[in-house]
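> Build me a model from this:
(one chain, ligands or ions: 2)
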Amino acid sequence: MNARDPLQRLRHQLAFWYWATMASLLIVLALFFGYSYDRHATDEIDHLLSATVRGATHEADEHGYSIFPAVQQTTGGLLLYTLDEQGQAATALPAGLPDRSALSGAIAPQGAFHTLQWNNQSWRTLTVPLRNGFLQAAIDTTGLENRENHILWRIVFGCAAALGVAAYGGWWLSNRATQPIDETWSRERRFFSDASHELRTPLAVLQSGLELLRRQTAEHSQARQTVEDLLEEAAQLNTLADELLTLSRLDATDTPKNLESVNWTEILETLLRTRLPLAKQKELQLTWQLTPVLVTAEPDGLRRMSDALIENALRYTPPGGHVNVALTSMQHKALFSVCDDGPGIAPEYLPHLFERFFRVEQSTRTHEAGGTGLGLSIAEAYAQRYHGKIHVKSALGKGSCFSIELPGQ
Ligand SMILES: Nc1ncnc2c1ncn2[C@@H]1O[C@H](COP(=O)(O)OP(=O)(O)OP(=O)(O)O)[C@@H](O)[C@H]1O
Ligand SMILES: [Mg+2]
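Ligands and ions are numbered 1, 2, ... in the order given. Just a heads-up that it's a prediction; the model follows:
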């Protein structure tokens, strides 16, 4: 993961929303046209059935149901026949007919429409009650339904093709829309990287010059003190340039494909041994429990990530405090934690801890005690680079516990 990832996520989101909007629009349109077409075709058929039945009803009532003993085949496959009160037709009808399921609904004088599915055939019927039976008109709508299905499939394929084009268009559009952001981002990153790189040489010259001056100025003199202060400032600037360069490199590069298997335990043992003198000097009790753990990472990144947490605990815990470092493995995960009984962090600051340049109570902590506010951002960037997560738990006045979870081997 690197800083390009949010941009990539934005691209995916833009493309997806464009596609989803097009898809909903197409689906609504397809449903509307499909429904309208079906409604229109059914209305036309119903109209034809009504007109045929209306003309014949009067005659059938006058002469009794037997007036239509035979099937009347009119144009367009329309059949007209009478049924007795039990729904028996006086003559042979095509298979599936008469539509007896429509009889119970045919109470009103204008009759009732019904759609009958029989085998693979479909009929639309209009049944009108007579004085002594029913008059039923039926039309074979199988052909019409096949045509409708055909059109429906065309609509479905058309929509699928349109959605394919919309997906491609969405991706192209979102790429175009985010291009200026990408360019600004790259420019800014290059600037950061160049600036921090350029700062290193003059800083090194400054530092060596100041070192020389220190050696030449008398101890306990005012000038010596000024040189000491300047050396400290130069060291801080050096750290800042170094951290900025690290961050800009982490932002610019993806996680390498072939990370090596690294013994995290060994790295921590070396690191902790080098940190012991500082802990002693600060009158802190530094303890550790390390179980052997292998992770897929880069040795230097792993060291810097771990050191950011250890350094913080040693820096912010007051003399007499305890700092405990632990490394365990659990369910294919490596768990590294640094806990202290220092001042703790107020809950309102916790969500901002991993932001660049964020420092808690900047004004209340002394200049010497503080750093640049980039250590935790660097640790988080490394944790994400190795597909891990960083967490913090802290209670004001009780202490803090920072932990990093990486996939184990
Ligand atoms: N163990 C801790 N106890 C109390 N406060 C902490 C602890 N660790 C971090 N913090 C707070 O979180 C802030 C951010 O830490 P971070 O490591 O990012 O920056 P920094 O230590 O100020 O500077 P840098 O590490 O870049 O030299 C710190 O300024 C500090 O206020
Ligand atoms: Mg720090």
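> use CA for all of it now, contacts and neighbours both
OK.
> Is the closest residue to Leu103 other than its chain neighbours in a helix, a strand, or coil?
Take Leu103 and drop its neighbours on the chain: the residue closest to it by Cα to Cα, 6 or more residues apart in numbering is Thr127, 6.8 Å away. Look at Thr127: counting by DSSP: H, G, I helix; E, B strand; the rest coil, its state is strand.
> so Thr127 sits right up against Gly133, yeah?
No. Because the distance of 10.3 Å does not satisfy Cα atoms under 8 Å, Thr127 is recorded as not touching Gly133.
> Counting neighbours, go ahead and name the busier of those two.
Neighbour tally, Thr127 and Gly133, criterion other Cα atoms under 10 Å: the higher count belongs to Thr127, 33 against 22.
> Which residues lie in contact with that one in this structure?
Ala102, Leu103, Ala106, Gly111, Ala112, Phe113, Phe134, Leu135, Gln136, Ala137 (Cα atoms under 8 Å, 6 or more residues apart in numbering).
> Count the neighbours of the residue nearest to the fifth one when sequence neighbours are not counted for me.
Right, the one you point to is Ala112. Nearest non-adjacent residue to Ala112, counting by Cα to Cα, 6+ apart: Ala106, 5.1 Å away. Neighbour count for Ala106, taken as other Cα under 10 Å: 21.
> Repeat that for the one 5 residues further on.
Other residues lying near Gly111 total 23 when counted by other Cα under 10 Å.
> next one: the one 3 residues further on
Neighbour count for His114, taken as other Cα under 10 Å: 19.
> Kindly report the same for Arg187.
When neighbours are counted by other Cα under 10 Å, Arg187 comes out with 12.
> repeat for Asp300
Using other Cα under 10 Å, Asp300 has 10 other residues around it.
> Next, see if the host helix or strand of it gets close to ligand 1.
Asp300 belongs to helix 299-316 when assigned by DSSP states H and E. Yes. Shown here: helix 299-316 in contact with ligand 1 (Cα under 6 Å from any ligand atom) through Asn312, Ala313, Tyr316.
> neighbour-wise, which of those leads?
Compared across those, Ala313 has the highest neighbour count, 28 neighbours, by other Cα under 10 Å.
> can you confirm Glu85 is in a strand?
No. With three-state DSSP as the criterion, Glu85 is located in coil rather than a strand.
> While we're on the closest residue to it other than its chain neighbours, how confident is the model there?
Excluding the flanking residues, the one nearest Glu85 by Cα to Cα, 6+ apart is Gly133, at 4.3 Å. Per-residue confidence for Gly133 comes out at a pLDDT of 83.
> wait, what's in contact with Gly133?
Tyr65, Thr82, Leu83, Asp84, Glu85, Gln86, Gly87.
> was I right about the last one contacting Phe134?
Yes. Counting by Cα under 8 Å, Gly87 sits close enough to Phe134 to count as a contact (7.5 Å).
> Of the two, which one has the most company?
More neighbours surround Phe134 than the other of Gly87 and Phe134, with 27 against 18 (other Cα under 10 Å).
> Let's verify that one: helix, strand, or coil?
Counting by three-state DSSP, the backbone at Phe134 sits in strand.
> what's the answer for Thr296, then?
Three-state assignment for Thr296 (three-state DSSP): strand.
> what residues are up against it?
Going by Cα under 8 Å, 6+ apart, Thr296 touches Leu259, Glu260, Ser261, Val262, Tyr386, Pro407, Gly408, Gln409.
> Just those: which are in strands?
Where the contacts of Thr296 overlap with strands, as defined by DSSP state E, the overlap consists of Glu260, Ser261, Val262, Pro407.
> ok, and which of those reach ligand 2?
Near ligand 2, judged by Cα under 5 Å from the ion, there are no entries from the ones in strands among the contacts of Thr296.
> Buried among those residues? Make that a PyMOL selection.
For selection in PyMOL, the members of these meeting the burial criterion (16 or more other Cα atoms under 10 Å) are listed in this command:
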select buried, resi 262+407
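> re earlier: just the contacts of Thr127: which has the poorest pLDDT?
Between these, the one the model trusts least by pLDDT is Ala106, at 80.
> could you say which helix or strand contains that one?
Under the criterion DSSP H and E, no helix or strand holds Ala106.
> follow-up on the earlier one: buried residues in the helix holding Asp300?
Taking 16+ other Cα under 10 Å as the neighbour-count basis, helix 299-316 is seen to contain the buried residues 299, 301-316.
> Tell me which other helices or strands it touches.
For helix 299-316, the contact count by 3 or more Cα pairs under 8 Å, 6 or more residues apart in numbering; DSSP states H and E identifies helix 264-281, strand 322-330, strand 333-340, helix 375-385 as packing neighbours.
> Now tell me what touches it from outside.
Contacts of helix 299-316 from elsewhere in the structure, counted by Cα under 8 Å, 6+ apart, are 262, 264, 267-268, 271, 278-279, 282, 284, 323, 325, 338-340, 342-343, 369-370, 375-376, 378-380, 382-383, 402.
> need the residues of the stretch 251-400 of the chain near ligand 1, please.
Within the stretch 251-400 of the chain, the positions adjacent to ligand 1 are 312-313, 316, 342-345, 353, 358-360, 370-377, 400 by Cα under 6 Å from any ligand atom.
> same thing but 8 Å
Residues of the stretch 251-400 of the chain that fall close to ligand 1, judged by Cα under 8 Å from any ligand atom: 308-317, 339-340, 342-345, 353-362, 370-378, 399-400.
> which of these are close to ligand 2?
Restricting those to those adjacent to ligand 2 (criterion: Cα under 5 Å from the ion) gives Asn312, Gly375.
> Tell me the buried residues within the residues of the stretch 251-400 of the chain next to ligand 1.
Restricting those to buried positions leaves 308-317, 339-340, 342-345, 353-354, 356, 358-360, 371-378, 399-400, with burial counted as 16+ other Cα under 10 Å.
> Hmm, Met298 is touching Val262, no?
To be clear, residue 298 is Glu; Met isn't right here. Yes. Glu298 sits in contact with Val262 when judged by Cα under 8 Å, with a separation of 7.0 Å.
> Tell me which stretches of the stretch 51-200 of the chain form strands.
Assigned by DSSP state E, counting those that start in this stretch, the stretch 51-200 of the chain shows strands spanning 72-74, 78-83, 112-118, 121-130, 133-140.
> want to try CSV for the ones you listed, with distance to ligand 2 as columns?
Below are the strands of the stretch 51-200 of the chain laid out as CSV (distance: least, Cα to the ion, whole Å):
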stretch, distance to ligand 2
strand 72-74, 93
strand 78-83, 89
strand 112-118, 77
strand 121-130, 78
strand 133-140, 83
